[in-house]
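Enquirer: next one to model:
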Amino acid sequence: MRTFPAEGQQIATFRDPAGSLRIEKDRVLRVLHGEYADSVLEFVRSAAGEDWADSGRLVRTTILPETEADGGRIVEHPRIFFPSYPWEWTPGQWIAAGDLTLDLCEDLLANSLILKDATPLNVLFDGPHPVFVDVASVERRDPESPVWMAWAQFVRTFLLPLAAYKYLGWPLAASVQKRDGYEPADLYPHLSFLQRWCTSLRSLVTMPHLLEARQSSSRPAVSARKWKHSPDVALAVLRRNLRFLRRALHSLSPEKFASRWSTYPENAAHYSAEDHSAKQRFVCDALLKTCPSTVLDIGANTGTYSRIAASLGARVVAMDSDAQACERNWRDAQAQKLSVQPLVADVARPTPAVGWRNAESLSLLDRARGRFDCVLVLGLVHHLLLADQLPLGEIAQLLRDVTKKWLIVEWVPSADPKFQELLRGRDHLYNHLNEERFQEAFSRFFAFPLREPLKNGRVLFLMEAR
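Expert: Next up, the predicted model:
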């Protein structure tokens, strides 16, 4: 279980009996209790553990000389730049995190170890790449047991949310209310007869649901300890079961389709090729002038400007509310090996703080506040004004909260076809909005070192926080 504080806070996790994690500014310290420490440290010190850390797929772990009063060992991890939660991921990111979890579990088997839990909450993204961060999930394996106790959790937290997304259209963001995932009974009533008996859902949903309904509540549970085999047979069964889970995971990859916004760059008729070039040139020049090491791209769409920032050396977090646009951004960042971390998130309705006392998972704004040298807001302000009905002053205040210094923003005038499309006959409410009002609202928080009008009437600004 992970908790990530805002800058300067000190917060500790508390759910895992094997240990706890606390974050003190940029230090991430983990306490491993008693007998749980041995298996974790064994893996961390092993050749396999070092290979995983060197490849960036496992968070690096430094063993500290100090111990806790109860003898627990203390280790330290580097802090992942921007923590995200599964309910902010694209489908491809869910599958990549699932693959990473199965890869690690399979490699652990060869070292007589295993994962005691298997949830997306054990994974963070560093740019477009998943990183397994919960080393306390590693434990020693009974060599005669063919049972992976975390099997059901993997199904609940990885497979069933993906099945609900693919077959029912439930957004992955809905998993924010399901800390330990879905049960088969959550999906079964909503599936058609044909869906219930299709290959993917028959073994994941239908059979477990029907068997559970028939099982007597008074029947005692069968202990995994009663299922004993020779070590070779037990290992073979575990490997076969992991292969089954991997096939199931990939069978739930959703069909690729174009959403309204995932093809926006190709279909933006209100932008000429000359306007596109001028906009990209302005953004590139502004980034070269300001040299930010961290960039937040709000309303990033498919990530054209995110990748420009990343190609110039910045670490980029790219937010957009359209999952298909984010998926395309994520795949392009992977293919181009650029440090872009897409998030499915809406700045007007940001991810809330959830969990016990609203402190287990921090809100998006708590994580973003003051974290970025530069913020990009291109072609979004008019959406916030008209679709979300937010005042210009509120928008400017929010952007000042999340940038340390620089802001690159695009003003869309009322004559623009996209402005008119969102206006929907409410001219009398918004006819006072013009560039002068825009500059007046933003000048409370920013200076304006650069301004460049485009031929289509839009205006680009580089702003510096006051």
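Enquirer: residue ranges with poor pLDDT in the stretch 1-150 of the chain?
Expert: 1-12, 69-70 (pLDDT under 70).
Enquirer: could you pull out the strands for it?
Expert: Ranges of strands in the stretch 1-150 of the chain, per DSSP state E, counting those that start in this stretch, are 10-12, 19-24, 27-32, 62-67, 73-77, 113-115, 123-126, 129-132, 138-140.
Enquirer: and those as a markdown table, adding distance to Pro453?
Expert: C-beta here means a position set from N, CA and C on the backbone, and glycine is covered the same way. Putting the strands of the stretch 1-150 of the chain into a markdown table (distance: least, Cβ to Cβ, whole Å) gives the following:
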| stretch | distance to Pro453 |
| --- | --- |
| strand 10-12 | 46 |
| strand 19-24 | 45 |
| strand 27-32 | 46 |
| strand 62-67 | 52 |
| strand 73-77 | 48 |
| strand 113-115 | 56 |
| strand 123-126 | 37 |
| strand 129-132 | 39 |
| strand 138-140 | 58 |
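Enquirer: closest to Phe282 out of the ones you listed?
Expert: strand 123-126 (29.2 Å; Cβ to Cβ).
Enquirer: dump the strands of the stretch 1-150 of the chain to a markdown table, plus mean neighbour count.
Expert: Converted to a markdown table, these look like this (neighbours: other Cβ atoms under 10 Å):
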| stretch | mean neighbour count |
| --- | --- |
| strand 10-12 | 13 |
| strand 19-24 | 19 |
| strand 27-32 | 20 |
| strand 62-67 | 11 |
| strand 73-77 | 19 |
| strand 113-115 | 24 |
| strand 123-126 | 22 |
| strand 129-132 | 21 |
| strand 138-140 | 21 |
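Enquirer: list just the one of those strands that sits closest to Val233.
Expert: It is, among these and with distance given as Cβ to Cβ, strand 113-115, at 15.9 Å.
Enquirer: so what's the spatially closest residue to Asp346 that is not a sequence neighbour up against?
Expert: Leaving aside its sequence neighbours, Asp346 sits nearest to Ser321 (Cβ to Cβ, 6 or more residues apart in numbering; 3.9 Å). Contact analysis of Ser321 by Cβ atoms under 8 Å, 6 or more residues apart in numbering lists Val344, Ala345, Asp346.
Enquirer: give me that answer again for 10 Å
Expert: Ser321 is in contact with Ala173, Trp261, Gly299, Leu343, Val344, Ala345, Asp346, Val347, Ala348, Arg349, His383, counting by Cβ atoms under 10 Å, 6 or more residues apart in numbering.
Enquirer: by neighbours, which of those wins?
Expert: Leu343 (29 neighbours; other Cβ atoms under 10 Å).
Enquirer: quick check: bridge partners of that residue?
Expert: Residues in a beta bridge with Leu343, per DSSP bridges, are Met319.
Enquirer: quick check: it touching Ala325?
Expert: No - with contact defined as Cβ atoms under 10 Å, Leu343 does not reach Ala325; the gap is 11.5 Å.
Enquirer: overlap in contacts, these two.
Expert: The contact sets of Leu343 and Ala325 overlap at Thr90, Ala300, Ala318 (Cβ under 10 Å, 6+ apart).
Enquirer: out of the residues you listed, which are buried?
Expert: Thr90, Ala300, Ala318 (16 or more other Cβ atoms under 10 Å).
Enquirer: need the pLDDT of the last one.
Expert: At Ala318 the predicted local distance difference test score is 98.
Enquirer: find the nearest non-adjacent residue to it, please.
Expert: Leaving aside its sequence neighbours, Ala318 sits nearest to Ala300 (Cβ to Cβ, 6+ apart; 3.6 Å).
Enquirer: what's the local residue count around the closest residue to Tyr165 other than its chain neighbours?
Expert: Leaving aside its chain neighbours, Tyr165 sits nearest to Leu172 (5.4 Å; criterion: Cβ to Cβ, 6+ apart). Using other Cβ under 10 Å, Leu172 has 22 other residues around it.
Enquirer: next one: phi and psi at Leu172?
Expert: Dihedral pair for Leu172: phi -60, psi -30, per degrees, to the nearest 10.
Enquirer: from Arg426, how far off is it?
Expert: Distance, Leu172 to Arg426, using Cβ to Cβ, to the nearest Å: 33 Å.
Enquirer: can you tell me the SS state at the residue nearest to Ala318?
Expert: coil (DSSP: H, G, I helix; E, B strand; the rest coil).
Enquirer: pLDDT weak spots in the stretch 301-450 of the chain?
Expert: For the stretch 301-450 of the chain (pLDDT under 70), the answer is none.
Enquirer: how about the strands in it?
Expert: In the stretch 301-450 of the chain, the strands defined using DSSP E, counting those that start in this stretch lie at 315-320, 340-344, 372-377, 403-411, 446-453.
Enquirer: now tabulate those in TSV and tack on distance to Thr101.
Expert: Shown next, in TSV, are these (distance: least, Cβ to Cβ, whole Å):
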stretch	distance to Thr101
strand 315-320	23
strand 340-344	19
strand 372-377	30
strand 403-411	35
strand 446-453	43
